[in-house]
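Student: Mind folding the following:
(2 chains)
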Protein chains: 2
Amino acid sequence: MTNTSEQDRVVIFDTTLRDGEQSPGATMTHDEKIEIAGLLDEMGVDIIEAGFPIASEGDFEAVRDISKLAVNSVICGLARAIYKDIDRCWDAVKHAKRPRIHTFIGTSPLHRDIPGLSQDEMAVRIHDTVTHARNLCDNVQWSPMDATRTEEDYLLRVVEIAIKAGATTINIPDTVGYTAPRESADLIRLLIARVPGADEVVFATHCHNDLGMATANALAAVEGGARQIECTINGLGERAGNTALEEVVMALKVRNDIMPYRTRIDATRIMNISRRVATISGFAVQYNKAIVGKNAFAHESGIHQDGILKNAETFEIMRPEHVGLAETSLVMGKHSGRAALRAKLRDLGYELGDNQLRDVFVRFKALADRKKEVFDDDLVTLMRDSSTAAAHDSLQVKYLRVICGTDGPQTADLVLTIDGVDRQVTAQGDGPVDATFNAVNQLFPHNARLQLYQVHAVTEGTDAQATVSVRMEEDGKIVTGQAADTDTVVASAKAYVTALNKLLVRRTKSAPDADVKSVSYMDVS
Amino acid sequence: MTNTSEQDRVVIFDTTLRDGEQSPGATMTHDEKIEIAGLLDEMGVDIIEAGFPIASEGDFEAVRDISKLAVNSVICGLARAIYKDIDRCWDAVKHAKRPRIHTFIGTSPLHRDIPGLSQDEMAVRIHDTVTHARNLCDNVQWSPMDATRTEEDYLLRVVEIAIKAGATTINIPDTVGYTAPRESADLIRLLIARVPGADEVVFATHCHNDLGMATANALAAVEGGARQIECTINGLGERAGNTALEEVVMALKVRNDIMPYRTRIDATRIMNISRRVATISGFAVQYNKAIVGKNAFAHESGIHQDGILKNAETFEIMRPEHVGLAETSLVMGKHSGRAALRAKLRDLGYELGDNQLRDVFVRFKALADRKKEVFDDDLVTLMRDSSTAAAHDSLQVKYLRVICGTDGPQTADLVLTIDGVDRQVTAQGDGPVDATFNAVNQLFPHNARLQLYQVHAVTEGTDAQATVSVRMEEDGKIVTGQAADTDTVVASAKAYVTALNKLLVRRTKSAPDADVKSVSYMDVS
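Tutor: Residues are numbered from 1 along each chain as shown, chains lettered A, B, ... in the order given. Below you'll find the predicted structure:
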C-alpha cells in the first residue's frame, strides 16, 4: 500500500462519542467515553469527535480528558456558530497534540427558519464564526447542516465563505438520511468543481441511515472526491444511526478493485470495539448486521450445514479473522491455570497486569466451578463485568434470595451494603425481577425509571451465564448498568445496582441537571 | 400515481420465507409461514417466494399450503437446475392462482467447480432445465447464482440461453453481497443492452448486505433497468441478510423525485409485519435499524429533547404513521371494557371473532390486575402469546415455584401436565432458569440443546411484562418458543415448554430427519 498516492487516502472521522452518544438512551459515562476513545485511537481512527463541549459539563470534561490522553488521533469538539460555543470547544480540545474545532450551522430553508436568519445574515455569521475558530486553532472543520436539502446556489456560496474564512475541512452532512449514492457523489463533485479554493480543503461526508443507504452514500461521496468519512461504531447514532465505520472500512478493503482508496484502520480491532460499544450503549447489534452481527460470518452460527461451507470463498468475501473474530478454539475449564488464562485473554485483546489478572482469575475459577466449559464469550463477559463492579461503589449486593413462580406474590429477601453498612429488607413484586428491584428501591429510594431491561445468554446451554442490561433515567440523566451471573435474578440485581451507583456519581459530581444537554442543535440565534 | 406508466412499476418479490428462513436459527414452523405469507399477501407483495420444496417435507408442505391460500400474490418455489427439483416445485406451487417456478444454478467459476461442469456443459443444463420448467409453468424465473462474480461474457451467454428457453424473469443475484451501486446498475444495463430478447423479460435484483449496501445496490439496479426487487422483511437472511423490503419501499416513496418508480406495497403494514417476523424468527431488530428500529423515529425514544422536535420536518423525512407506527395514545387499564379492547386491537391490526375476543379479554384482565398501565406493546405481546399457547399442547406448565439468589443451590418445584397427567418434580440448577429447565428435562427427557435465550421487557418500568425467546435444536431440527409474563421465570418455563411442544409435533409429523434440509445449494451435479 505504500506506493499509493495521498490522493487515495480516506480519513476516518469517528463520531461515536458525539453523534452516537447523542442518540436517545445511548448516553455514556465519563470513564466509558475515555475507554472508547482509547480503542478508537489504537485502531487508527484519524479524527475522534469526542463531544459537544458547550452542551454539558460532562461533555466538556470528556472532550478535555480525551484530548489529554490521545496518542495519534486528532481530537475534535463540536460547536454551534456562536462565539461562546467555539471558545468552550477550544478550551476542551486545546490540550490535544492535534486539536480540531468543528463548527456548524443549519443552512437549509427549514433550518434557516429556526434562528430566523436571512441568507445574507447567515453568510455573515458563517464568515465571523469560522474566522473566530481559525484564530484559535489551525484545524477547523465547518458543516452546513442539512446540506443535502440546502439550495445548490446557497450551498456553493456558504462553502466558499467558510473556506475563505479559514476552514480546512468542509463536511457535507446528510442530516436526515435523505440522499442516495449518485446524488451524494454528484454533490461533492459539484462543490469541488465550482467552489473557489475547493482544492485547498478536504471534503467530508456525514451520512445518516434513515433509508438504509448511509454506507453506500458515504462511499459514493468518496468517489465524488470526498476524502473524509464521518462514521460511528455499529452505525450508532440518532434515529437509524450514522454510516457504520466497520462497513466503509471493510468495503474499501474488499472492493479496492473498484474503490481504490485506503484507510489507516486496523480492521482486526473491529469486533472488539463493536462489542464494547454495544455493551456500553445498551444498543445491541442485530444478528444480521453487516460485518459485526453474530450471523455475519456463517461459521459463527453454531450450525454447520453439511457440505455448504466446504470452500469458504464460495460464500465469503472476507475472513472472520480480518475483522478480529477469532475462531472459537481453546475452551477453558476449571483445570486451566493462570498462564493459560493470561494467554487466552491476550488473544481476546486484554493485556492484564498481575493484580488485575489475580482478580480475574478468582472470578474465572468461581465461574468454572459452576459451568463445565468456559468459552471466549464468557471470558469477554467476565472482563467487562470486572471493569464495571468497583470496590468503592456506594451500593453493593451482598445477599439475595428470591421466591417466585406461578402462585404469587413473588418475594425478594435482600441485603444491600450501602456505604459500608449492611441493610436488609423483604419486598414483593410482580415477578422475581420486580420484587428484587422493589427491595433495592426500599433500601435506596430514588426516582429513576427503568427504561430498558434485557437478558442475553452469553453462550449456549441452560447453564450459560446471563448478561443483564438495564437503562434508567432520572431527571433527564440516563445511566446504564450491566452484570453477568449464571443466576439471572442475581445478575439483574447487580446490573440495577451498578446503574444506581452511576447515578449517584452523576448526582454528586454535577450540579442539578448540569449534565443534561442544556443546548440543542437548533439554538443558534 | 394513476398516470405513471407500467415502466415505472417495480415488482416486489419477498423471500423472507425462503432466503430469510434459511438463515441459521431463523427456522419457522408451518403455521408461522402461513401467517407471514398472509401478511405479505395483504400488504401487496407481488411475488412471495414461499420455500424450497425439494429441501424438506416441511418446505414442500409450506409452499403447497401457501399456494392454496394466496389471494393476490404470485407464489414462487425454488428449485435447483435438476428435473426432480423442478417437478417437486411445480407439485407445490401448481395449487396457486398464479404460480411461479424459480430455478437457479451457480454460474461463477467458484460455483461451476462444485458440480464440475464446463461452461458448455452448464449451458446445456440451463437450457434443458429452464425448458423443462417452462413446459410445466408459464411463469419461470431463472437465476445465475453469484452473477456478480461470473465472467461477463459467460453471464451474457447464459442469460440469453435462459430467455430463449422460456424464462420470463431473469434474476441477477449478488449472492455474497459483493457489489456496489454503480456496478450493480451497470451490470443490469449491460444485460439489457447486449442480451437478445432482454426486452421481453423482467430483470430482477437480489442483493445481500455483507458490506452494508444491499438497499442501495437494489435501487441502483432499478435505475439500471431492473423491475423486480428481491427482499425480505427486516433484511432477514443468511449472514448479514438481504435487501430489506421496508427500506426499498420507503426509499422509493421518499425519494420519488430522483427514483420515479412505484410499488404496490401498503407501507402502513410495515411495522406490524416487521414485529411479527422479529418475534417468529427470534432475530430482534436493532434500535438503530432504518425504518423499523425502535429509534428510527425520534419521537419513539421516550425522551423528548426540549425544543428539538418543534418542527418535525426539520429532522424527519417520513412520518411514523406512514409505516404503521401509531402514536402511543389510549393506554388501557383494569377498568377498560371489552369494546375498548376490541377497538384498540383493531387499531393494532387484529380483527377478532367473539370467541377469540373472550379469551383475550380474560388474559387482558389478568394482566391489568398485575400492571397499572397496559400499553400497545403489551397488547401486541398478549396477542402473540395467545396464538402460541394452544389447549391441545402435550406439555403445559401448571405450577412453578423457584427459589434462587446469591447462596445456591437454586431450586425449582414444577408441576407439568403431560398429555393430561400432572407430574411433579423438584430440581436444582445454576440459577433459576437452569433449575426450571432441569425440572422440565427430568419430567420430559429430550436431547434438545438450548441455542438461544433472550429476555426483553415489553415496556418500561419494573412491573413490565417480560418476553422470553428460546431456540432449541435436536438432531438438526430447530424450534423456537416465546412466552410473556410479568414473572420472567414463569415466562422462561412457558417459552421452553412451547419450544418442546413444537419439537414433539415435528417428531410425530415427520419421519426421522425428514425436515432437516436434505439438500444444499451446492448439490447440483
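Student: Going by C-alpha atoms from here, please, whenever you check contacts or count neighbours.
Tutor: OK.
Student: residues in contact with the residue sitting furthest away from the middle of chain A?
Tutor: Distance from the C-alpha centroid of chain A, by C-alpha atoms, centre = their mean, peaks at A:Asp407 (42.5 Å). For A:Asp407, the set of contacting residues under the criterion of C-alpha atoms under 8 Å, 6 or more residues apart in numbering or on different chains consists of B:Tyr399, B:Leu400, B:Arg401.
Student: mind listing which of these are in helices?
Tutor: Using DSSP state H, no member of the contacts of A:Asp407 sits in helices.
Student: ok, of the residues you listed, which one's closest to A:Asp91?
Tutor: Relative to A:Asp91, the closest of the contacts of A:Asp407 is B:Arg401; by C-alpha to C-alpha it sits at 59.1 Å.
Student: The closest residue in space to the closest one that isn't next to it in sequence: how many residues sit nearby?
Tutor: Sequence neighbours aside, A:Gly405 is the residue nearest to B:Arg401 in space, at 4.2 Å (criterion: C-alpha to C-alpha, 6 or more residues apart in numbering or on different chains). By the other C-alpha atoms under 10 Å in any protein chain shown criterion, the neighbourhood of A:Gly405 contains 25 residues.
Student: Could you check how far A:Ala412 is from B:Ala412?
Tutor: From A:Ala412 across to B:Ala412, the span is 16 Å (C-alpha to C-alpha, to the nearest Å).
Student: Over to A:Ile47?
Tutor: Using C-alpha to C-alpha, one obtains 54 Å as the distance from A:Ile47 to B:Ala412.
Student: looking at this, A:His102 is in a helix?
Tutor: No - counting by DSSP: H, G, I helix; E, B strand; the rest coil, one finds A:His102 to be strand, located in no helix.
Student: show me the contacts for it.
Tutor: In this structure, A:His102 makes contact with A:Cys76, A:Gly77, A:Leu78, A:Ala79, A:Val140, A:Gln141, A:Trp142, A:Ser143, judged by C-alpha under 8 Å, 6+ apart.
Student: Which residue ranges of the stretch 151-300 of chain A form strands?
Tutor: Secondary structure of the stretch 151-300 of chain A, counting by DSSP state E, counting those that start in this stretch: strands at A:169-174, A:202-207, A:228-231.
Student: Then the stretch 401-525 of chain A?
Tutor: Along the stretch 401-525 of chain A, the segments classed as strands by DSSP E, counting those that start in this stretch run A:410-418, A:421-429, A:449-457, A:466-474, A:477-485.
Student: And those: which comes nearest chain B?
Tutor: Using C-alpha to the nearest C-alpha as the measure, strand A:449-457 is the one of the strands of the stretch 401-525 of chain A that comes nearest chain B, at 4.7 Å.
Student: helices or strands next to that closest one in the packing?
Tutor: strand A:466-474, strand B:449-457 (3 or more C-alpha pairs under 8 Å, 6 or more residues apart in numbering or on different chains; DSSP states H and E).
Student: Other residues contacting the longest helix along chain A?
Tutor: Of all the segments assigned as helix in chain A under DSSP H, the longest by residue count is helix A:488-509. Helix A:488-509 is contacted from outside by A:29, A:388-389, A:393-397, A:400, A:402, A:432-433, A:436-437, A:440, A:455, A:465-472, A:477-485, B:404-406, B:431-433, using C-alpha under 8 Å, 6+ apart.
Student: for stretch A:114-124, which positions count as buried?
Tutor: When neighbours are counted by 16 or more other C-alpha atoms under 10 Å in any protein chain shown, the buried residues of stretch A:114-124 are found to be A:Ile114, A:Leu117, A:Gln119, A:Met122, A:Ala123.
Student: same check, this time on stretch A:191-200
Tutor: Within stretch A:191-200, the residues scored as buried using 16+ other C-alpha under 10 Å are A:Leu191, A:Ile192, A:Val195, A:Pro196, A:Ala198.
Student: all helices of the stretch 251-400 of chain A, in order?
Tutor: When assigned using DSSP state H, counting those that start in this stretch, the helices of the stretch 251-400 of chain A occupy the ranges A:270-281, A:338-347, A:354-370, A:376-388.
Student: Same question for the stretch 51-200 of chain A.
Tutor: Listed from the start of the chain, the stretch 51-200 of chain A has helices (DSSP H, counting those that start in this stretch) covering A:57-69, A:83-93, A:109-113, A:119-136, A:152-164, A:181-194.
Student: A:Met43 is nearest to which of those?
Tutor: With C-alpha to C-alpha as the criterion, A:Met43 lies closest to helix A:57-69 of the helices of the stretch 51-200 of chain A, at 14.9 Å.
Student: Using CSV, write down the CA coordinates of that closest one.
Tutor: Provided in CSV are the C-alpha atoms of helix A:57-69 (Å, rounded to 0.1, in the frame of the first residue of the first chain):
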residue,chain,number,x,y,z
GLU,A,57,-20.2,19.9,31.9
GLY,A,58,-19.9,16.2,31.3
ASP,A,59,-19.3,16.7,27.5
PHE,A,60,-16.7,19.4,28.2
GLU,A,61,-14.8,17.2,30.7
ALA,A,62,-14.9,14.2,28.3
VAL,A,63,-13.5,16.2,25.4
ARG,A,64,-10.8,17.8,27.6
ASP,A,65,-9.7,14.5,29.1
ILE,A,66,-9.7,12.6,25.8
SER,A,67,-7.6,15.5,24.4
LYS,A,68,-5.1,15.0,27.1
LEU,A,69,-4.9,11.2,26.6
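Student: That helix to helix A:83-93, inter-axis angle?
Tutor: With axes from the mean of the first three to the mean of the last three C-alpha atoms, to 10 degrees as the basis, helix A:57-69 and helix A:83-93 are set at 40 degrees to each other.
Student: quick check: mean pLDDT across helix A:57-69?
Tutor: What helix A:57-69 shows for mean pLDDT is 95.
Student: can you give me phi and psi for A:Asp487?
Tutor: Geometry field for A:Asp487 lists phi and psi as phi -100, psi 110, criterion degrees, to the nearest 10.
Student: For the closest residue in space to it that isn't next to it in sequence, give me its contacts.
Tutor: Nearest-residue entry for A:Asp487: B:Gly431, 3.7 Å, with adjacent residues in sequence omitted and distances by C-alpha to C-alpha, 6+ apart. B:Gly431 sits next to A:Asp463, A:Thr486, A:Asp487, A:Thr488, A:Val489, B:Cys404, B:Gly405, B:Gly408, B:Pro409, B:Gln410 when contact means C-alpha under 8 Å, 6+ apart.
Student: likewise A:Gln454?
Tutor: Each residue near A:Gln454 by C-alpha under 8 Å, 6+ apart is listed here: A:Val468, A:Ser469, A:Val470, B:Gln454, B:Val455, B:His456, B:Ala457.
Student: Out of those, which end up buried?
Tutor: Here, 16+ other C-alpha under 10 Å leaves A:Val468, A:Ser469, A:Val470, B:Gln454, B:Val455, B:His456, B:Ala457 buried among the contacts of A:Gln454.
Student: Which single one of those is nearest to B:Ile86?
Tutor: The nearest member of the buried ones among the contacts of A:Gln454 to B:Ile86, counting by C-alpha to C-alpha, is B:Gln454 at 39.4 Å.
Student: residues near whatever residue of the stretch 51-200 of chain A ends up closest to chain B, how many?
Tutor: Going by C-alpha to the nearest C-alpha, chain B is nearest to A:Val176 of the stretch 51-200 of chain A, at 5.6 Å. Other residues near A:Val176 number 25, with proximity taken as other C-alpha under 10 Å.
Student: Would you list the phi and psi of it?
Tutor: Note on A:Val176: backbone dihedrals following degrees, to the nearest 10 are phi -100, psi 10.
Student: List the residues that contact A:Glu460.
Tutor: B:Arg449, B:Leu450, B:Gln451, B:Leu452.
Student: re earlier: among the contacts of A:Gln454, list the two that are farthest apart in space.
Tutor: The largest distance within those, taken as C-alpha to C-alpha, falls between A:Val470 and B:Gln454 and amounts to 13.9 Å.
Student: what about stretch A:35-50, start to end distance?
Tutor: End-to-end distance of stretch A:35-50: 12 Å, with C-alpha to C-alpha as the criterion.
Student: Buried ones in that stretch, by neighbour count?
Tutor: Under 16+ other C-alpha under 10 Å, the buried positions of stretch A:35-50 are A:35-50.
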